[in-house]
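Colleague: next comes the sequence, and after it the predicted model I'd like to discuss.
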Amino acid sequence: MLLRLTCLLLILHLSAVALPSAAEVTTDQPGAIIIFPKVVSDQNQDTIIQITNATGSQVQARCFYINGAIDQTTGEPLWLLIDFQIKLTRLQPTVWVAGEGLPAVPPDRPPELYAGPVPPVGIGFTGELRCVVVNSSESPVSRNALSGEGTLIDRVSHATRKYQAITVQGLPGNNGDNTLLLNDVEYDTCPRVLLLNHFFDDAPDPVLNTPVESRLTLVPCSMDLEKTIPGSATVQFEVFNEFEQRLSASLTVTCFADVELSALDGNGPRERSIFNFAQQGTLVGQTRIRPIIDTNGTFGHGVVAIAEEFRDNGQTGAALNLHFIAGNLQSDIMILPNSF
């Protein structure tokens, strides 16, 4: 079983590398837009944000926390926005905790080397963070300067789960207005396909022999921050097990979705989910996530995502970046609020 598992994971990895690609978002190169798909600050956990300026001079960015926590009254995402600006010292990282932010007065450095202030998010925040590189007039520019990491930390056990932030590279066709086109002219496009190699939920870990459980966080690439209109996307899941058997499901994401794998395809018993070991009969598989395109000319429907994998009854875990394949066939649009 372990040999078959190892061979399958190797095949899946090689297949992800070998597929042709075009311009798309990345996690290993600096960009002009940076996205942290999952930021949480509640009673149980918080998030450490690290953004690095990879260039040789100071960089300014407009940043937006977007709270996608579910409103208990309406059942819909709250869609609350917190905006701020940061100035990043050349070739240096800037780090803060989402629940604490950064004070107005730098405690340990000269003001010219200080990024803050950064407002704290409130307790109960579950959502994302986006930053866009701008010039001194606060106009977006295609300066590919930003890279980063998000670290989810348990307040009690101090266990951590770290992922690479997703960056979108700016291109020469950027016209500098507040309507950012992710169309391979102003900025790179969001991915056409996202690949997740994973254990099926409740599969026994080959070493610990305890069930493995996973979560998937999805955020739409498009959004209108000026009119506070969240992006929405319907994605199709194609799930392959070790026998190359294929099953499918779909999910509509508005603003933000953070879902257990076994809940992605409905609200029935988890053991009946196509993402569950009881249904698939194999330990691991691959899920291909495809945004469904349409004729909507206002917004595209691309998504970006991260996953998390938990073991030992949730006591230990890791965050996972997905593989991205090719550029989306439909452009996405991110509209920034006007500056005052």
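Modeller: The structure has been received and is ready for your questions. Residues are numbered from 1 along each chain as shown.

Colleague: so, low pLDDT: which residues of the stretch 1-150 of the chain?
Modeller: Along the stretch 1-150 of the chain, segments meeting pLDDT under 70 span 1-23.

Colleague: could you pull out the helices for it?
Modeller: 2-18 (DSSP state H, counting those that start in this stretch).

Colleague: L78 against A69, yeah?
Modeller: Yes: assessed by C-beta atoms under 8 Å, L78 is found in contact with A69 at 5.2 Å. Backbone N, C-alpha and C define where each C-beta goes, glycine included.

Colleague: from the chain's centre, how far out does whichever strand or helix holds V239 sit?
Modeller: Per DSSP states H and E: V239 is located in strand 232-240. In terms of C-alpha atoms, centre = their mean, to the nearest Å, the centre of strand 232-240 is set 16 Å apart from its chain centre.

Colleague: quick one: mean pLDDT over that strand.
Modeller: Throughout strand 232-240, pLDDT has a mean value of 95.

Colleague: tell me where the stretch 1-150 of the chain has strands.
Modeller: Shown for the stretch 1-150 of the chain, the strands assigned by DSSP state E, counting those that start in this stretch span residues 33-41, 45-53, 59-67, 80-88, 93-97, 125-134, 146-154.

Colleague: who are the packing partners of the longest one?
Modeller: On a contact count with 3 or more C-beta pairs under 8 Å, 6 or more residues apart in numbering; DSSP states H and E, strand 125-134 meets strand 33-41, strand 59-67, strand 146-154.

Colleague: JSON lines for these, including mean neighbour count and distance to G317?
Modeller: Shown next, in JSON lines, are the helices and strands packed on strand 125-134 (neighbours: other C-beta atoms under 10 Å; distance: least, C-beta to C-beta, whole Å):
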{"stretch": "strand 33-41", "mean neighbour count": "24", "distance to G317": "13"}
{"stretch": "strand 59-67", "mean neighbour count": "22", "distance to G317": "23"}
{"stretch": "strand 146-154", "mean neighbour count": "20", "distance to G317": "9"}
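
Colleague: among those strands, which is nearest E242?
Modeller: Ranking these by their distance to E242 (criterion: C-beta to C-beta) puts strand 33-41 first, at 28.1 Å.

Colleague: in terms of secondary structure, what does the closest one contact?
Modeller: The contact analysis (3+ C-beta pairs under 8 Å, 6+ apart) places strand 33-41 against strand 45-53, strand 125-134, strand 146-154, strand 166-168, strand 211-220, strand 303-311.

Colleague: returning to that earlier point: helices or strands next to the strand holding V239 in the packing?
Modeller: When contacts are defined as 3+ C-beta pairs under 8 Å, 6+ apart, strand 232-240 packs onto strand 211-220, strand 246-254, strand 284-291.

Colleague: related to what we said a few turns ago, got CSV for the strands of the stretch 1-150 of the chain, with distance to P204 too?
Modeller: Output for the strands of the stretch 1-150 of the chain, formatted as CSV (distance: least, C-beta to C-beta, whole Å):
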stretch, distance to P204
strand 33-41, 26
strand 45-53, 26
strand 59-67, 37
strand 80-88, 40
strand 93-97, 35
strand 125-134, 30
strand 146-154, 24
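
Colleague: for the nearest residue to G281 once chain neighbours are set aside, give me phi and psi.
Modeller: Distance criterion C-beta to C-beta, 6 or more residues apart in numbering; nearest residue to G281, sequence neighbours excluded, is N241 at 7.0 Å. For N241, the backbone dihedrals (degrees, to the nearest 10) come out as phi -100, psi -170.

Colleague: mind checking how far N241 is from I82?
Modeller: Distance of N241 to I82, given as C-beta to C-beta, to the nearest Å: 42 Å.

Colleague: ditto for T210
Modeller: 38 Å.

Colleague: of these two, who's got more company?
Modeller: Each of T210 and I82 has its neighbours counted (other C-beta atoms under 10 Å); I82 has more, 18 against 15.
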